[in-house]
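Peer 1: Structure of the sequence below:
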Amino acid sequence: MYGYHGGWLQIDLSSGTTQRHRFSEQVLRQFLGGSGLGAWLLLEYGAAACDPLAPAAPLALVFSPLVGSPLTTSAKLAVVCKSPLTERFNDALVSSRLALAGKQTGHDALVLVGQAPRWSILVIDHDQVRLEPADELLHGPCGQTEAILRQRLGAEYALAVIGPAGERQVRFATISHDGRHAGRGGSGAVLGAKRIKALAVRGSVRCRWADPEGLARYARALAVRSLGPATAKYRELGTVANLGVFNRLHALPTRNFQAGSLPGAEHLQPEQLASAGPPVRESCAACTIGCEHRFLTRDGQPVRMEYESLFALGPLCGVSDPEVVLEASRRCDDWGLDTISTGGTIALAMECAERGLLEVPGLRFGNGRALLTLVDQIARREGLGDLLAEGSRRLAQRLGGEAPALAMHVKGLELPGYEPRALQTMGLGLAVAARGADHNRSGAYEADFSDRADRRHLTPEAARLAVETEDRAALLDSLILCKFLRHALGDLYEEAATMLRLVCGWDITPHELRQCSQRIVTARKLFNLRAGWTPEEDTLPARLLSTPLPDDPAAQLTAEQLTRAKAAYYAARGWTAQGDVPPAQLAALGLADPGDGDILATEPPRAAEARAACQE
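Peer 2: The predicted structure is shown next:
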């Protein structure tokens with residue numbers, strides 16, 4: 001087998017035992033890796049029936065056939081679980097040395113089940129697994145924890161850690177890898193519920209490539225393309241450059257989506273963020289693009305800053321002070337908090353306080369000191385932070401009254417930095433995405449910024465564009481390749497077929513890969529159906545469907561428009577009018593056995609036990 005090891009390692013944290021299970025080549029060819037193979041694993045383990053914070057709930061680290069190859073941006077992994085924030089499918093992708101080390105253990109995925117008897121470090125050394133006590137690491141920030149473990153274990157180990165937020169099971173806690181985060185959906189809380197403070201992984205087993213020489217030639221050519229004009233913006237300024245563009249287009253969510261632009265947004269431009277010194281540019285493991293920029297605070301601390309963190313901790317909370325936003329982002333990284341959900345939940349609290357629904361003196365939009373205080377309180381679950389640690393949907397439910405109408409989420413996941421009234425194809429993509437309000441799994445903003453759609457007027461025809469971008473994202477997230485590479489590629493499906501031929505030796509066609517994308521999207525949908533999904537979840541917050549965008553009154557999105565576009569999206573997917581997946585389509589995609597309609601006819605020996613444990 002080329003590109004794969006052919007199996008996954010199941011680690012039972014309760015007993016400290018392991019079992020290796022085999023993937024069939026059919027499953028690998030149908031789901032590839034990353035998000036796709038992760039969806040297959042969660043279905044196999046019956047995870048939809050689990051409380052995501054229960055010991056039996058699986059947490060999977062899933063690699064891909066491209067990991068370890070010379071292909072640029074391929075050193076990525078997917079952390080896949082049932083989200084404690086949304087209680088729906090969740091996959092968080094991250095670039096790090098952990099992807100390389102994890103695959104070099106000789107497995108295509110690591111699946112954690114059970115709960116360690118005490119707070120522990122999970123050490124995976126090739127195919128040997130042990131638990132070490134982690135008591136002295138508890139309550140430590142992510143960077144400090146990694147530094148201590150490197151000193152203790154040595155530089156050969158790749159690390160992943162949780163901060164205080166994960167220990168306290170904040171529902172949007174992250175898992176940190178080399179300063180980067182598997183961020184959205186709360187995978188850090190799932191790891192914390194298993195009493196694992198950190199993973200340390202080392203391996204040396206390498207995969208074989210079907211055509212090593214051809215792969216090397218292709219990889220060199222792709223590296224050259226990755227340094228071209230298609231990625232120049234990311235190298236020169238990073239994604240923070242998006243803020244000025246979105247502000248001019250009135251597409252920058254401001255003060256909990258009450259406006260589409262922020263007075264004073266110019267203070268958050270890259271030049272202002274860099275007032276303390278030029279930013280340091282860095283690259284992810286095995287990446288030639290180098291999009292990451294670390295900006296210096298006034299006291300000289302480097303802070304990794306991207307557009308989504310900048311928007312969520314800045315304009316969304318009415319804050320335009322770059323020092324406050326940099327410090328808030330630094331604290332989120334230290335504590336292990338998803339910046340989008342942190343900012344979105346605090347923004348809701350600020351609006352509720354201004355409306356008298358929440359009595360907190362001084363809590364208002366633009367109050368940077370209050371923002372920083374609440375970030376710390378959320379991570380520690382102290383005071384109001386204990387309630388905010390549950391996320392905006394649960395906060396709004398607790399407050400009652402008009403608060404639920406003010407909570408800006410889809411399926412419990414806080415909205416990213418795209419104003420759906422100004423980017424309406426994107427609005428449809430956010431409404432129907434399996435993970436919730438998620439720009440990375442939809443990508444429909446590409447259609448809004450093209451001449452293929454009217455971004456201020458959603459029509460049923462936009463559904464086809466939403467499907468196309470979602471399918472492309474599913475393929476990229478399963479290969480796994482960085483989204484920033486997509487514009488350096490020609491036809492994604494043709495190039496992906498070439499990569500898989502060189503890596504795996506498969507005679508795979510672009511048509512087969514299009515079916516693969518559809519299968520992966522449908523598998524995630526199937527998980528949500530089993531987790532209790534209802535059609536009412538595929539919607540946008542009430543504010544976005546009832547009020548025109550104040551900065552741009554022509555940008556108005558109605559519930560009727562969204563309903564028509566959603567119906568067209570379901571039809572384009574081959575689903576029913578209610579959003580269910582017909583049994584015939586499951587069978588056609590290879591997701592069901594025609595005899596019983598269940599997910600794949602066979603399952604690994606421990607999967608039935610795990611399924612039963614989840615359902616207890």
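Peer 1: mind giving me the domain split of the protein?
Peer 2: 7-202, 233-414, 442-528+536-590 (automatic domain parsing).
Peer 1: is it possible to export the ones you listed to TSV including mean pLDDT, mean neighbour count and distance to residue 423?
Peer 2: Placement of C-beta: from N, CA and C, glycine included. Formatted as TSV, those follow (pLDDT from 0 to 100; neighbours: other CB atoms under 10 Å; distance: least, CB to CB, whole Å):
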stretch	mean pLDDT	mean neighbour count	distance to residue 423
domain 7-202	96	23	19
domain 233-414	93	21	6
domain 442-528+536-590	94	19	4
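Peer 1: Which residues are in contact with residue 411?
Peer 2: By CB atoms under 8 Å, 6 or more residues apart in numbering, the contact set of residue 411 is 86, 88, 435, 436, 437, 537.
Peer 1: ok, 7 Å please
Peer 2: Counting by CB atoms under 7 Å, 6 or more residues apart in numbering, residue 411 touches 86, 88, 436, 537.
Peer 1: Not counting sequence-adjacent ones, nearest residue to the third one?
Peer 2: Spelled out, it's residue 436. Leaving aside its sequence neighbours, residue 436 sits nearest to residue 413 (CB to CB, 6 or more residues apart in numbering; 2.9 Å).
Peer 1: Does that neighbour have any beta-bridge partners, and if so which?
Peer 2: residue 410 (DSSP bridges).
Peer 1: dump the residue contacts of it.
Peer 2: Applying CB under 7 Å, 6+ apart, the residues contacting residue 413 are 85, 86, 184, 185, 435, 436, 437, 438.
Peer 1: circling back: I'd like the contacts of residue 411 as TSV, with secondary structure appended.
Peer 2: Formatted as TSV, these follow (DSSP: H, G, I helix; E, B strand; the rest coil):
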residue	secondary structure
86	coil
88	coil
436	coil
537	helix
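Peer 1: Output those residues in CSV, with distance to residue 527 appended to each entry.
Peer 2: Output for these, formatted as CSV (distance: CB to CB, whole Å):
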residue, distance to residue 527
86, 12
88, 8
436, 13
537, 13
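Peer 1: closest to residue 20 among the contacts of residue 413?
Peer 2: residue 185 (27.6 Å; CB to CB).
Peer 1: so what's that closest one up against?
Peer 2: 83, 85, 86, 90, 92, 413, 435.
Peer 1: The first one contacts residue 52, correct?
Peer 2: Yes: with contact defined as CB atoms under 7 Å, residue 83 counts as touching residue 52 (6.2 Å).
Peer 1: quick one: residue 393 from residue 535, how far?
Peer 2: For residue 393, the distance to residue 535 equals 18 Å [CB to CB, to the nearest Å].
Peer 1: same thing with residue 205?
Peer 2: 46 Å.
Peer 1: In a strand, residue 303, correct?
Peer 2: Yes: under three-state DSSP, residue 303 sits within a strand.
Peer 1: so it makes contact with residue 328?
Peer 2: No: Residue 303 is beyond contact range of residue 328, at 9.4 Å (criterion: CB under 7 Å).
Peer 1: Contacts only, for the most centrally placed residue in the chain.
Peer 2: The centre of the chain sits closest to residue 92, judged by CA atoms, centre = their mean, with a distance of 3.3 Å. Taking CB under 7 Å, 6+ apart as the criterion, residue 92 is in contact with 79, 182, 183, 184, 185, 187.
Peer 1: again, but for residue 447
Peer 2: Residue 447 makes contacts with 425, 453, 462, 465, 469, as judged by CB under 7 Å, 6+ apart.
Peer 1: For residue 164, state which of those residues is nearest.
Peer 2: residue 469 (36.6 Å).
Peer 1: quick revisit: now the contacts of residue 92 in TSV, please, with extra columns for distance to residue 201.
Peer 2: Below are the contacts of residue 92 laid out as TSV (distance: CB to CB, whole Å):
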residue	distance to residue 201
79	13
182	14
183	20
184	22
185	22
187	16
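Peer 1: Show me the residues you listed that map onto helices.
Peer 2: Counting by DSSP state H, those place residue 187 in helices.
Peer 1: and the closest residue to residue 346 other than its chain neighbours, which of the three is it?
Peer 2: Leaving aside its sequence neighbours, residue 346 sits nearest to residue 374 (CB to CB, 6+ apart; 5.1 Å). Look at residue 374: counting by three-state DSSP, its state is helix.
Peer 1: Report the beta-bridge partner residues of residue 196.
Peer 2: Residue 196 has the following beta-bridge partners by DSSP bridges: residue 120.
Peer 1: show me the contacts for it.
Peer 2: 13, 116, 120, 122.
Peer 1: cool, and residue 362?
Peer 2: residue 370.
Peer 1: From residue 406, how far out is it?
Peer 2: To residue 406, residue 362 is 19 Å away according to CB to CB.
Peer 1: Repeat that for residue 115.
Peer 2: 36 Å.
Peer 1: got it, and residue 209?
Peer 2: In terms of CB to CB, residue 209 sits 53 Å off from residue 406.
Peer 1: do the same with residue 483
Peer 2: From residue 483 to residue 406 the distance is 31 Å (CB to CB).
Peer 1: How about residue 296?
Peer 2: 36 Å.
Peer 1: Same check on residue 134?
Peer 2: Relative to residue 406, residue 134 is positioned 39 Å away (CB to CB).
Peer 1: Also residue 439?
Peer 2: Distance from residue 439 to residue 406, by CB to CB: 21 Å.
Peer 1: Next secondary structure after the helix or strand residue 28 falls within?
Peer 2: Using DSSP states H and E, residue 28 maps to helix 25-31. Downstream of helix 25-31, the next assigned helix or strand under DSSP H and E is helix 34-44.
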